[in-house]
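Asks: Here you go, sequence then predicted model.
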Amino acid sequence: MLPFRRKRQSQPAEPSVDDTAAPDGPDPSGGLFSRLRRGLQRTGSGIGQLFLGRKQIDADLLEELETLLLMADVGVEATTRIIDDLTDRLKRNQLTDIEALQHALREDMRSILEPVSQPLTIPAGDKPFVILTVGVNGAGKTTTIGKLAERFKSEGHSVVLAAGDTFRAAAVEQLQAWGERTGTPVISQPTGADAASVVYDAHQAALARGATVLIADTAGRLHTQGNLMEELRKIARVLGKQDEASPHEVLLVLDAGVGQNALAQAEQFSQAAPVSGIAMTKLDGTAKGGIVFALAQRFGVPVRFIGIGEGVDDLRPFDAEAFVDALLAQTREAADAE
Ligand SMILES: Nc1nc2c(ncn2[C@@H]2O[C@H](COP(=O)(O)OP(=O)(O)OP(=O)(O)O)[C@@H](O)[C@H]2O)c(=O)[nH]1
């Protein structure tokens, strides 16, 4: 048995039938933890299992940990911060056993993520709270907007969507499909129309309907596409003219699978619009989920949501503690084999 194990880690890695129940009793988080843990398995499996059967803490173990963190795309800066701290604690004889090391690792990882663990809260007001989503092609913007519409509606908000991706054929239809699925009105113009004008129309419509949230889709673009980056600035300007605080949130949607490239995307998009939050998608299908640490360490931009699947409910508010716990959770098979 491992000396250190948190209560929630005793759940199975792959709940087969009922996501909300573990053999030890119901999941107190209503299945959220097991879903998140399953999603992050590919990123965290190596780190979680590194300590199994280990009795001694030495330089080799820290070196192995360093390699695993880098492989999970935690990035050089955040990895160095973690390893330096652990080495320091080791020198000061603070890490007397594996349990203490795991505890310290958990603490270090949390301390990187806690500053960016800031949920998106929609303040009450007489104008719609405007969320402008930005990101490269295929990052998951449209899907994330659909999931957000569902979430905000379930919280009692009245939501309007703006089909600001007038560039890609079928983008409007894709957003409309999410609108139908979630019962949310979508304001659109045909492909090729001026994106800023669609967003303007949508803002007017949101005001007229007394909507509390407006979420604008935008065309996926590479940060190297100057004209499209200029279009983003224009959309932000048009929104700002109607309400100087708007857009209230510029949500950068990043595909976790791109790894370190996410850093370049964050940097470039921030130059076109003041990115105020990140939605990290596809954490379910990647071994590179550690990129969240690299982003937190480098930019400190709040991570608002994480996507852990394609379903409408597969978007979760980011929570540093739950994220680190899920990442470091060991599989039952590995624990049993110990
Ligand atoms: N597994 C998984 N798939 C996701 C997630 N989020 C989005 N996807 C999928 O990623 C693909 C691209 O998503 P879109 O929402 O179309 O991406 P987009 O950024 O709007 O793309 P463009 O319109 O080309 O800019 C779709 O197949 C989505 O179902 C996620 O969290 N997990």
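Replies: Sure, I can see it. Keep in mind that what you see is a predicted model, and the values were worked out from it rather than measured.

Asks: where does the stretch 151-300 of the chain have low pLDDT?
Replies: 223 (pLDDT under 70).

Asks: Show me what from it comes close to the ligand.
Replies: Within reach of the ligand by Cβ under 6 Å from any ligand atom, the stretch 151-300 of the chain has these residues: 165, 168, 171, 220, 281-282, 284-285. Placement of C-beta: from N, CA and C, glycine included.

Asks: Output these in TSV; the columns should cover distance to residue 179, neighbour count and secondary structure.
Replies: Putting these into TSV (distance: Cβ to Cβ, whole Å; neighbours: other Cβ atoms under 10 Å; DSSP: H, G, I helix; E, B strand; the rest coil) gives the following:
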residue	distance to residue 179	neighbour count	secondary structure
165	13	26	coil
168	17	13	coil
171	13	21	helix
220	19	21	coil
281	19	29	strand
282	22	24	coil
284	24	21	helix
285	26	17	helix
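
Asks: quick one: which of those is nearest the ligand?
Replies: residue 220 (2.4 Å; Cβ to the nearest ligand atom).

Asks: wait, doesn't the closest one sit right on residue 164?
Replies: No. Contact criterion Cβ atoms under 8 Å: residue 220 and residue 164 do not qualify, at 11.2 Å.

Asks: For residue 98, state which of the residues of the stretch 151-300 of the chain next to the ligand is nearest.
Replies: Closest approach to residue 98 among those (Cβ to Cβ): residue 284, at 29.2 Å.

Asks: I'd say that closest one and residue 314 touch.
Replies: Yes. Using Cβ under 8 Å as the test, residue 284 is close enough to residue 314 to be in contact (7.4 Å).

Asks: Pull up the overlap in contacts between the two.
Replies: Overlap of the contact sets of residue 284 and residue 314 (by Cβ atoms under 8 Å, 6 or more residues apart in numbering) consists of 307-308.

Asks: Which residue ranges of the chain form helices?
Replies: 32-39, 41-50, 59-71, 76-91, 98-113, 141-154, 171-182, 195-209, 226-242, 261-272, 291-298, 320-328, 332-337 (DSSP state H).

Asks: looking at those, which is closest to residue 122?
Replies: Once those are compared by Cβ to Cβ, helix 141-154 is nearest, at 7.0 Å.

Asks: okay, now the domains of the protein?
Replies: The chain breaks down into these domains under automatic domain parsing: 7-117+325-337, 129-318.

Asks: avg pLDDT for the first one?
Replies: By that I understand domain 7-117+325-337. Averaged over domain 7-117+325-337, pLDDT sits at 74.

Asks: wait, which of the helices of the chain is closest to residue 127?
Replies: Closest to residue 127 of the helices of the chain is helix 195-209 (Cβ to Cβ; 7.0 Å).

Asks: Next, the angle helix 171-182 makes with the closest one.
Replies: On the basis of axes from the mean of the first three to the mean of the last three Cα atoms, to 10 degrees, helix 195-209 is oriented at 20 degrees to helix 171-182.

Asks: which other helices and strands contact helix 195-209?
Replies: In terms of contacts (3 or more Cβ pairs under 8 Å, 6 or more residues apart in numbering; DSSP states H and E), helix 195-209 is packed against strand 159-162, strand 186-187, strand 213-216, helix 226-242.

Asks: Packing partners of the first one?
Replies: When contacts are defined as 3+ Cβ pairs under 8 Å, 6+ apart, strand 159-162 sits against helix 141-154, helix 171-182, strand 186-187, helix 195-209, strand 213-216.

Asks: Kindly export the fourth one (C-alpha atoms) in CSV.
Replies: I take that to be helix 195-209. Output in CSV follows, covering the C-alpha atoms of helix 195-209 (Å, rounded to 0.1, in the frame of the first residue of the first chain):
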residue,chain,number,x,y,z
ALA,A,195,-17.7,39.9,-38.8
ALA,A,196,-17.7,43.1,-36.8
SER,A,197,-21.1,43.9,-38.3
VAL,A,198,-22.5,40.5,-37.2
VAL,A,199,-21.3,41.1,-33.7
TYR,A,200,-22.7,44.6,-33.7
ASP,A,201,-26.1,43.2,-34.8
ALA,A,202,-25.9,40.5,-32.1
HIS,A,203,-25.1,43.1,-29.4
GLN,A,204,-28.2,45.1,-30.5
ALA,A,205,-30.3,42.0,-30.5
ALA,A,206,-29.0,41.0,-27.0
LEU,A,207,-29.9,44.5,-25.7
ALA,A,208,-33.3,44.4,-27.3
ARG,A,209,-34.1,41.0,-25.8
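
Asks: measure the residue of the chain most remote from its centre to residue 167 for me?
Replies: Farthest-out residue of the chain from its mean C-alpha position, per Cα atoms, centre = their mean: residue 93, at 36.0 Å. Look at residue 93 and residue 167: by Cβ to Cβ, to the nearest Å, they are 60 Å apart.
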